[in-house]
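**Student:** Just the structure for this:
(2 chains)
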There are 2 protein chains.
Amino acid sequence: MPSIRSGRSLALAVCGLLLASVCARAQPDPLPSWNDGAPRQAILAFVHAVTDTSSPKFVPVEERIATFDQDGTTWVSHPMYTQVVYCLERVPDVVKAKPALAKLEPFKTVLSGDQAAMAKLTMKDLEVILAATLSGMTVDDFRADVTKWLATARHPRWNRLYTELVYQPMLELMQYLRSNGFKTYIVTGGGQDFVRAYSERVYGIPPEQVVGSMGGTKYGYAKDGTPTLTKEPKLLLNDDHAGKPEGIHMMIGRRPHAAFGNSGGDREMLEYTGAGDGARLMMLVLHDDAEREYAYGPAKGLPDTKIGTFSQALYDEATRRGWSVIGMKADWKRIFPFEQ
Amino acid sequence: MPSIRSGRSLALAVCGLLLASVCARAQPDPLPSWNDGAPRQAILAFVHAVTDTSSPKFVPVEERIATFDQDGTTWVSHPMYTQVVYCLERVPDVVKAKPALAKLEPFKTVLSGDQAAMAKLTMKDLEVILAATLSGMTVDDFRADVTKWLATARHPRWNRLYTELVYQPMLELMQYLRSNGFKTYIVTGGGQDFVRAYSERVYGIPPEQVVGSMGGTKYGYAKDGTPTLTKEPKLLLNDDHAGKPEGIHMMIGRRPHAAFGNSGGDREMLEYTGAGDGARLMMLVLHDDAEREYAYGPAKGLPDTKIGTFSQALYDEATRRGWSVIGMKADWKRIFPFEQ
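**Tutor:** Numbers count the residues shown, from 1 in each chain, chains lettered A, B, ... in the order given. From the prediction side, this is the model:
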């Protein structure tokens, strides 16, 4: 017969178990927009392993870093990257300030509004446009201009603001990781200052946790003596491909434990993340849902659109290395926050 | 005669006041190593203004950013910057790997051990030594080497580890700001990767909150295919003078509300901080205590040592702009943690 003391301990233990079970049940599903497939299971298993102090894969809270690519990973990037749309729409203002540009390519083509001609602009042309439209103003003026543009510019397919076209499942994932002690970062090939203009509002990610392609700034003074930081047409880091781990080292100084991407530009970030010891989570979003969003590959025979492409080679590498592939069609119940 | 209800209210109010007073008394002094002069008062008034929700100068917690220069502001920088000592002591290893350097200047002079000749090395010579000793290895190997060196290298005057020569009052200030919702950053002219090797342990500041002079890295692979990040002899940002606000924008993307420095290299950081609206705190440490630490200026007639110099012009500017000058002698009860 058990003693009173051990009887009490048992009762306490049972109460504890009951409480734990009630608490577990009381917690809402942290990933309600995810179907219960392999990617969702991989996320839950990973978070459990790194947060359970008795797990051999436990990760101290200060080392819980998760990095998210943006275009095609956390928001829509088709038919054109949002920042490129912004830059093209800024061209008339730039030409107004420097009228001589109107007769020069690629500005002439952009001003013509000829969509067929614009579709033929090369990467080199785009670089000229980006340099002209993303420099010469103060960082404060730039931020104000991006904010103003985002308040009205709409995506042609949904007629929604670009900032509404974020993926609800990824917002839930970010929030779930944060509620488990992770610092979440955007690590984007896009401009750092561009994304910072809305990252806190849209993703709950503060400006200091945005790693992007970085242009130099120049400290100087306005006419009234006020100190200014002016954006220069000087690229310090192209935060794509190998530039992603390089940018992560520069801005964070720690290797992530989880990394999320959707294209070849994210390969090195996932590889670098996976090369760390202990629990690591690497995931790629595959756009295979033409009806609700877009379908492009060429992985799994989807059409090759050349924008943020998920190649068959990347798909094979993901399989080989154990990176999770998130199929939008099968894995996401809901794509956008505005869908009910 | 007061009603029962108002009597109860009064009793509750009195209880509340008593409790508040007990709580206030129960809190230990957050700045025990500071004498009660103007700088201490400025810190307390600033923190009160930005954290009191009823204050017109209240600052939302996410915008509470405080930036600290390191050399001469949070630890000893005389007679030589610690990182320069490290680089000079690394020269023999570098020459071992590349023996041809032994016959070339400035390596020849450093290897000679001739202190008088070494004291004559120019800034250009130092740059050559820094480039040679801070690149060519992976970021992991570099971190391990710095950690190893710091575990044994000692400052000649105190025969203490360099990491013991941090200023206790500044550690208290960092902690006090953090306990009031601030994110604390090191913003140093020194190497970002060097300071990251010990910032968390020594200052409680994680690597992602260290802004320093940044060299490029190159993503590649070791012989066994492991991804590596190798330090390159390419300077992306010289985080001194105008480079400080530029580095702050790049790494943080917000203007600090408080900034701390000790020399001309910090002038632009303080100016940029002070140009923001609302409550801002700018402070400079003046080394005027030859007995307990060092005395150098030339502000207030102290000797000009050319290392991290606090000029008379900076002193006058501080006075004009209302930046606080912390006199070590008068304002700090205790300099180092090891002093009791």
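
**Student:** which ones are touching residue A:64?
**Tutor:** Residue A:64 is in contact with A:50, A:177, A:180, A:181, A:182, A:183, A:257, counting by Cβ atoms under 8 Å, 6 or more residues apart in numbering or on different chains. To be clear about C-beta, it is placed using only N, CA and C from the backbone, and glycine gets the same treatment.

**Student:** Please list the members of the residues you listed that lie in strands.
**Tutor:** Mapping the contacts of residue A:64 onto strands (DSSP state E) picks out residue A:183.

**Student:** so which pair among the contacts of residue A:64 is furthest apart in space?
**Tutor:** Comparing all pairs in these by Cβ to Cβ, the longest separation belongs to A:50 and A:183, at 13.0 Å.

**Student:** Look at those two and report which has more neighbours.
**Tutor:** Taking other Cβ atoms under 10 Å in any protein chain shown, residue A:50 and residue A:183 do not tie; residue A:50 has more neighbours (25 against 22).

**Student:** Compute the number of surrounding residues for the residue nearest to the more buried one when sequence neighbours are not counted.
**Tutor:** Residue nearest to residue A:50 in three dimensions, not counting chain neighbours: residue A:59, with 4.1 Å by Cβ to Cβ, 6 or more residues apart in numbering or on different chains. By the criterion of other Cβ under 10 Å, residue A:59 has 21 neighbours.

**Student:** Chain B contacts on the stretch 101-250 of chain A?
**Tutor:** Counting by Cβ under 8 Å from any Cβ of the partner chain, the residues of the stretch 101-250 of chain A lying close to chain B are A:139, A:183, A:192-193, A:196, A:200, A:206-208, A:210, A:214, A:216-219, A:226-227, A:229, A:236-237, A:242-243, A:245-246, A:249-250.

**Student:** Separate out the buried members of these.
**Tutor:** Buried residues within these, counting neighbours by 16 or more other Cβ atoms under 10 Å in any protein chain shown: A:139, A:183, A:192-193, A:196, A:200, A:206-208, A:210, A:214, A:216-217, A:219, A:227, A:229, A:236-237, A:242-243, A:245-246, A:249-250.

**Student:** and which of the contacts of residue A:64 is nearest to chain B?
**Tutor:** Taking Cβ to the nearest Cβ as the measure, residue A:183 is the one of the contacts of residue A:64 closest to chain B, at 7.6 Å.

**Student:** How far off centre is stretch A:294-301?
**Tutor:** 20 Å (Cα atoms, centre = their mean, to the nearest Å).

**Student:** How about stretch A:95-115?
**Tutor:** Chain-centre distance of stretch A:95-115: 32 Å, with Cα atoms, centre = their mean.

**Student:** what comes into contact with that stretch?
**Tutor:** Contact with stretch A:95-115 is made by A:88, A:91, A:92, A:94, A:117, A:118, A:121, A:125, A:126, A:128, A:129, A:132, as judged by Cβ under 8 Å, 6+ apart.

**Student:** Helices along chain A, start to end?
**Tutor:** A:4-26, A:38-51, A:82-97, A:107-112, A:115-119, A:123-133, A:139-150, A:168-179, A:192-196, A:199-203, A:243-251, A:267-274, A:312-321, A:328-331 (DSSP state H).

**Student:** I'd say the residue nearest to residue A:50 and residue A:53 touch.
**Tutor:** No: look at residue A:59 against residue A:53 with Cβ atoms under 8 Å: they stay out of range, at 10.3 Å.

**Student:** List the contacts of whatever residue of the stretch 101-250 of chain A ends up closest to chain B.
**Tutor:** Taking Cβ to the nearest Cβ, chain B has its nearest neighbour within the stretch 101-250 of chain A at residue A:207, 3.2 Å off. Listed by Cβ under 8 Å, 6+ apart, the contact set of residue A:207 reads A:196, A:199, A:200, B:252, B:253, B:254.

**Student:** hang on, the earlier thing: Serialize the contacts of stretch A:95-115 to a markdown table and add fields for pLDDT and neighbour count.
**Tutor:** Formatted as a markdown table, those follow (pLDDT from 0 to 100; neighbours: other Cβ atoms under 10 Å in any protein chain shown):
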| residue | pLDDT | neighbour count |
| --- | --- | --- |
| A:88 | 95 | 19 |
| A:91 | 95 | 20 |
| A:92 | 95 | 13 |
| A:94 | 93 | 18 |
| A:117 | 91 | 13 |
| A:118 | 88 | 15 |
| A:121 | 90 | 17 |
| A:125 | 93 | 16 |
| A:126 | 90 | 15 |
| A:128 | 92 | 17 |
| A:129 | 94 | 20 |
| A:132 | 92 | 20 |
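
**Student:** For residue B:306, state which of these is nearest.
**Tutor:** residue A:132 (43.0 Å).

**Student:** shouldn't the closest one be in contact with residue A:88?
**Tutor:** No: assessed by Cβ under 8 Å, residue A:132 is found out of contact with residue A:88, at 11.0 Å.

**Student:** Could you tell me how many residues sit around residue A:294?
**Tutor:** For residue A:294, the neighbour count with other Cβ under 10 Å is 20.

**Student:** Let me see the contact set for it.
**Tutor:** Residues counted as contacts of residue A:294 (Cβ under 8 Å, 6+ apart) are A:76, A:78, A:287.

**Student:** if I look at the last one, how far off is chain B?
**Tutor:** Applying Cβ to the nearest Cβ, to the nearest Å, the value for residue A:287 to chain B is 26 Å.

**Student:** Please report how far that residue lies from residue A:53.
**Tutor:** Counting by Cβ to Cβ, to the nearest Å, the gap from residue A:287 to residue A:53 is 38 Å.

**Student:** quick one: low-confidence ranges for the stretch 201-340 of chain A?
**Tutor:** Across the stretch 201-340 of chain A, nothing is flagged by pLDDT under 70.

**Student:** hmm, 80 instead?
**Tutor:** A:340 (pLDDT under 80).
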